[in-house]
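Undergrad: pasting the structure only:
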């Protein structure tokens, strides 16, 4: 093979210099590769975050850009934390979070456990079950309002068919008592597969040899389930809950299309409430403080949770 | 010898588990089947009670979706007989086609913004992931966590300053603005997923290439990139699906020229409220590509939805 002059020079020089002759240094490449990502995230995430923090101490209103912006200190925060309406939206969010997480964990785990019986065609059916979670929540949520209609909706018809009740006698999204459940049902329909997939990975990570050993020790199936299966799947399950918890705390698109926060403000989750304050009432400063409080809450809860998760993993 | 194992479920157990899972799958599929079916119903069949399972399929919904219509006088109708099959469908309702609807534009916006942002987030993500995977970088874990944490903010919270920023620099309701925004939002996913894929490529390949006289950069694009091709493709599809489905930013930051399909589809209305066959037709066209991608992606699905935290 013929050598170029460049190669010959490179070979004659000590390795570090050779590299500089032939190309950029490792460190330079590393920074050139990372810099655009960091820069973009600083521009589109951190700069706006700092801006939000600044706005949260002012009375700025985005629909009146010419108005004098006044520094009002912590007053926005005081008003939010003492506002009873905000506590109501927090309650709505808590109800939504609690029930969606509980149902998704129970159904998701049960499904994963069944799929792990390795029946014929389980891969195909897993793929089918997963479909809803990949779809656009806004488009699907909008269509669910059609399924929920008392007169013509498929959901009401099916419920009526099995319960014998009159399908026009209840309205899932129009009734104050039922609306919180209407969003729980659709979210569970959409996201149970997410928990299922993660649980399935957990179940499949348990080596058969552990069960074989337990069988030799004559441990009952029931005991095997509680002392092997559950503890081994727990870290996976907790990870799934973390992801779903963060996502559902931020929930906006699906619920806005389904109920729009109504009837009244019974399903007004924090994100929807925040959108009202920021983009309908245009109380930008107030909404910024609200956003910061939400962010700190998610971040704080997630950090505590991750610590707990790591403890479970270490065991 | 038969392959008997104490951990293998019995045939009866398999049968029972299979039946339960299939029943769940069919229930879960019902809303999706209903969307597809409603798209082919006439407007009276769509709102019939009890809900119609068997019906005469029609393309009325699709025609309504793609056209805007007006009422015309009887003389006009007689003077201009319908020339196309879709004009005929519209004429039966006593309407005429006035022109194309907005759906085509909105769908195209989704395509442009989806593919544009996917390209940039995968491009930048590949570079960053390679650096994170291969080099010693000060504060690496903190940087990676910072990248991930950008995804924890509620979109509405980020939207307030982005809205003001876009208004100031003139990016409101533009394709460029939305591509920039979705690129940034998808970067966390792209970096984390691709770093996972690249960590799995053995270092030996590159070392061999370096010994053969490749520069670091050549080793990156001639050795690592081809090895990571599957991972890059899977990541791209995840980014595309996210941008495709995104609603919160789209509804707050776009109103006309750059509006994507998700905020548009729910606003399709007919004479009385939502025109459900047209909405369902739009939803079908919009959702089917994602379903196809999901099936293609099934092996990497778990990884994608957990940002690479769980690998099979």
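TA: Everything's here; your move. These figures come from a predicted structure and were not determined experimentally. Numbers count the residues shown, from 1 in each chain, chains lettered A, B, ... in the order given.
Undergrad: separation between the residue lying closest to residue A:107 once chain neighbours are set aside and residue A:142?
TA: Nearest residue to residue A:107 in three dimensions, chain neighbours excluded: residue A:192, at 4.9 Å (CB to CB, 6 or more residues apart in numbering or on different chains). Glycine gets a C-beta too; all of them are placed from N, C-alpha and C. Per CB to CB, to the nearest Å, residue A:192 is found 20 Å from residue A:142.
Undergrad: list the helices and strands the helix or strand harbouring residue A:101 packs on?
TA: According to DSSP states H and E, residue A:101 maps onto helix A:84-115. With contacts defined as 3 or more CB pairs under 8 Å, 6 or more residues apart in numbering or on different chains; DSSP states H and E, helix A:84-115 has these neighbours: helix A:122-130, helix A:179-204, helix A:230-249, helix A:270-279, helix B:11-39.
Undergrad: ok, and does the last one reach over to chain A?
TA: Spelled out, it's helix B:11-39. Yes: Helix B:11-39 lies within reach of chain A by CB under 8 Å from any CB of the partner chain, at B:13-15, B:17-18, B:20-22, B:24-25, B:28-32, B:34-35, B:38.
Undergrad: ok, and for the next helix or strand after that helix, which residues are buried?
TA: Sequence-wise, the next helix or strand downstream of helix B:11-39 (DSSP H and E) is helix B:43-46. The neighbour-count check on helix B:43-46 (16 or more other CB atoms under 10 Å in any protein chain shown) flags B:43, B:45-46 as buried.
Undergrad: now, among those residues, which is nearest to chain A?
TA: residue B:46 (7.8 Å; CB to the nearest CB).
Undergrad: wait, isn't the closest one in contact with residue B:276?
TA: Yes: under the criterion of CB atoms under 8 Å, residue B:46 makes contact with residue B:276 at 4.7 Å.
Undergrad: between these two, what contacts are shared?
TA: B:38, B:61 (CB atoms under 8 Å, 6 or more residues apart in numbering or on different chains).
Undergrad: quick one: low-confidence ranges for chain A?
TA: A:1-24 (pLDDT under 70).
Undergrad: Could you state which residue of it sits nearest its centroid?
TA: residue A:247 (1.8 Å; CA atoms, centre = their mean).
Undergrad: For it, give me its contacts.
TA: residue A:191.
Undergrad: Which residue ranges make up each domain of the chain?
TA: In the absence of a named chain, chain A is used. Chain A breaks down into these domains under automatic domain parsing: A:5-55, A:76-314.
Undergrad: try again with chain B
TA: Split by automatic domain parsing, chain B gives B:12-101, B:104-305.
Undergrad: Find the centremost residue of chain B, please.
TA: Judging by CA atoms, centre = their mean, chain B has its centre closest to residue B:241, at 2.9 Å.
Undergrad: my read is that residue is in a helix, agree?
TA: Yes: under DSSP: H, G, I helix; E, B strand; the rest coil, residue B:241 falls within a helix.
Undergrad: so how many other residues sit close to residue A:28?
TA: For residue A:28, the neighbour count with other CB atoms under 10 Å in any protein chain shown is 12.
Undergrad: hang on, the earlier thing: can you list the buried residues in the helix holding residue A:101?
TA: Quick answer for helix A:84-115 (16+ other CB under 10 Å): A:86, A:89, A:92-93, A:95-97, A:99-101, A:103-105, A:107-115.
Undergrad: could the domains of chain B go into a markdown table alongside mean pLDDT?
TA: Output for those, formatted as a markdown table (pLDDT from 0 to 100):
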| stretch | mean pLDDT |
| --- | --- |
| domain B:12-101 | 88 |
| domain B:104-305 | 91 |
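Undergrad: wait, what's in contact with residue 263?
TA: You didn't say which chain, so I picked chain A. A:173-176, A:179.
Undergrad: Not quite, go with chain B.
TA: Residue B:263 neighbours (CB under 8 Å, 6+ apart): A:138, B:247, B:250-251, B:254.
Undergrad: now the helices for the stretch 1-150 of chain A?
TA: A:5-12, A:15-22, A:26-41, A:47-55, A:75-81, A:84-115, A:122-130, A:137-147 (DSSP state H, counting those that start in this stretch).
Undergrad: The fifth one packs against which elements?
TA: Packed against helix A:75-81 by the contact rule (3+ CB pairs under 8 Å, 6+ apart) you find helix A:284-314.
Undergrad: 10 Å - rerun?
TA: helix A:84-115, helix A:284-314 (3 or more CB pairs under 10 Å, 6 or more residues apart in numbering or on different chains; DSSP states H and E).
Undergrad: Serialize those helices to JSON lines and add fields for distance to residue A:73.
TA: Converted to JSON lines, the helices and strands packed on helix A:75-81 look like this (distance: least, CB to CB, whole Å):
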{"stretch": "helix A:84-115", "distance to residue A:73": "19"}
{"stretch": "helix A:284-314", "distance to residue A:73": "11"}
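Undergrad: Would you tell me which of those gets closest to residue A:45?
TA: Minimum separation from residue A:45 across those (CB to CB) falls at helix A:284-314, 11.2 Å.
Undergrad: Which other helices and strands does that closest one contact?
TA: Using 3+ CB pairs under 10 Å, 6+ apart, helix A:284-314 sits against helix A:47-55, helix A:75-81, helix A:84-115, helix A:230-249, helix A:270-279, helix B:140-149, helix B:155-169.
Undergrad: buried set for that helix?
TA: Here helix A:284-314 shows A:284-295, A:298, A:302, A:305, A:309 as buried, counting by 16+ other CB under 10 Å.
Undergrad: thought the residue nearest to the centre of chain B was touching residue B:294?
TA: Yes: using CB atoms under 10 Å, residue B:241 makes contact with residue B:294 at a distance of 7.9 Å.
Undergrad: what sits in contact with each of these two?
TA: Common neighbours of residue B:241 and residue B:294, counting by CB atoms under 10 Å, 6 or more residues apart in numbering or on different chains, are A:134-135.
Undergrad: Just confirm residue B:98 is within a helix.
TA: No: checked against three-state DSSP, residue B:98 lies outside a helix; its state is strand.
Undergrad: The closest residue to it other than its chain neighbours: which element?
TA: Distances taken as CB to CB, 6+ apart place residue B:70 nearest to residue B:98, at 4.6 Å, with adjacent residues excluded. Residue B:70 is part of strand B:67-71 when elements are defined by DSSP H and E.
Undergrad: That strand pairs with which strands, parallel or anti?
TA: Applying DSSP bridges to the sheet, strand B:67-71 is found paired with strand B:95-100 (antiparallel).
Undergrad: Give the burial count for the closest residue to residue A:258 other than its chain neighbours, as a bare number.
TA: Excluding its sequence neighbours, the residue lying closest to residue A:258 (CB to CB, 6+ apart) is residue A:141, at 4.6 Å. By other CB under 10 Å, 24 other residues sit near residue A:141.
Undergrad: Just give the number of residues close to residue B:181.
TA: Applying other CB under 10 Å, I find that residue B:181 has 25 neighbouring residues.
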